[in-house]
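>>> structure, please.
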Amino acid sequence: MANGTKKRSKTIELRNDQLIFRFPNIYKHAELRIEFQRTLRIPDDNREYPLPPGLGKFPLYRVDDYLNHLPDTWEEHGGVFLPMYQTEAMWINFHADYPMAVKIAAGKINAVTGQRWKVELTKAPQDYLVVPGQPWLDGFCVEKGLVRQFVAMPLGQGYTAEEQLTGEAEHGGLQIAVYPMQAEIYEMQKRVLRDVGLVVSAPVREIGLAPGGLMRQEIYKDKYGIHAWDTSIRSRCFVHIVNSVQLVHLTGCEPPGKPQTAQDYTASGLPWFDYYGNDLSVLEGAKKLAKLDSVAVAKLKKGEGFLHDNDPVKPAVVKKLGKSMVREGVF
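Okay, the predicted model is just below:
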């Protein structure tokens, strides 16, 4: 447990393509692991889809290891970067035993509320996730029980949530802030918690995240209350996104292969997923985010035609997940 006379310490480590946030002076096991999962891009046709599978982690690279090849502003941001193909989708996976409040923004637009980024926690509306409890985040929370999938699109073309809400293409990527629970409150909660189950030679350009297809996913209310979180210490990380075809130029590493389409995956009889938090209350969703154009709609408005690989699918196998079940991937 933290001693009031000790300096508050925090670390962020990159290991095995996971971001590991640690707060050792708060509590010995105060640790959060975050990974970014490749996944199917669900059809962007205004139908509601179950959760798609994980297709493996995106590789992560430290910005500081590649500064000679990266934009000057990235040195100030620090953090990490990952490669995504244009119109590729992702979801964010959380692992923690010690409770954490986690803020996620895309292009400095809060993915839960649609408000501009600020690092502090806000109670009304709740602008953060509580982990454990929230196992993953697949997109922008647009309605109660619905998100629009995170889909990679280049900045400067008007697709991203950032551009639609601010009119500017400035930040891109993802921004993360993590607050641990106060150690004293954790001690009181321990018994309860145990029962809760592009061209390669071109300049590097930031990729942003745009709203894609609709899927069923609940964003849960903070059952502890905002005063449970230790706001005297926080850790934050900027996750940049680059086009996958630029990865060799930047790092010498080959990007992952292009992901499977939702149509091919479903035709193979592989499972989709539904998850329910049982007794947890659900946030209503953000009206600002609900008004955004999805990628498919934006393309039509721009006169760029239809989004490729966007035919509707009918998942035949949908597995229901509870708190003790694992969301499986494809190997």
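
>>> buried sites along stretch 174-191?
Buried residues in stretch 174-191, counted by 16 or more other CB atoms under 10 Å: 174-183, 185-186, 189. (C-beta placed from N, C-alpha, C; glycine too.)

>>> just how off-centre is it within its chain?
Offset of stretch 174-191 from its chain centre (CA atoms, centre = their mean, to the nearest Å): 19 Å.

>>> ok, back up a step: from the buried residues of stretch 174-191, which is closest to Glu206?
Within the buried residues of stretch 174-191, proximity to Glu206 (CB to CB) peaks at Leu174, which comes in at 10.9 Å.

>>> identify the bridge partners of the residue nearest to that closest one when sequence neighbours are not counted.
Nearest non-adjacent residue to Leu174, counting by CB to CB, 6 or more residues apart in numbering: Val239, 4.1 Å away. Listed beta-bridge partners, Val239: Val80, Leu174 (assigned using DSSP bridges).

>>> number of residues surrounding Val239?
By other CB atoms under 10 Å, 23 other residues sit near Val239.

>>> how about the contacts made by it?
19, 36, 60, 79-82, 173-176 (CB atoms under 8 Å, 6 or more residues apart in numbering).

>>> any stretches of the stretch 51-200 of the chain with poor pLDDT?
Low-confidence segments of the stretch 51-200 of the chain, defined by pLDDT under 70, span residues 191-200.

>>> re the thing from before, just the ones of the buried residues of stretch 174-191 in strands?
Per DSSP state E, strands hold the following members of the buried residues of stretch 174-191: 174-180.

>>> what ranges does the stretch 51-200 of the chain have for its helices?
Secondary structure of the stretch 51-200 of the chain (DSSP state H, counting those that start in this stretch): helices at 72-77, 161-166, 183-194.

>>> contacting residues around the first one?
Right, helix 72-77. Contact with helix 72-77 is made by 63-64, 67, 81, 238, 240, as judged by CB under 8 Å, 6+ apart.

>>> so which of those residues is the closest to Val131?
Using CB to CB, Phe238 is the member of these that sits closest to Val131, with 19.4 Å.

>>> what's the nearest residue to the closest one once chain neighbours are set aside sitting at in phi/psi?
Distances taken as CB to CB, 6+ apart put Gly79 closest to Phe238, at 3.6 Å, once the chain neighbours are dropped. For Gly79, the backbone dihedrals (degrees, to the nearest 10) come out as phi 80, psi -150.

>>> pretty sure Gly79 sits against Ser235.
No: applying CB atoms under 8 Å, one finds Gly79 not in contact with Ser235, separated by 11.3 Å.

>>> in terms of neighbours, single out the busier of those two.
Each of Gly79 and Ser235 has its neighbours counted (other CB under 10 Å); Gly79 has more, 21 against 18.
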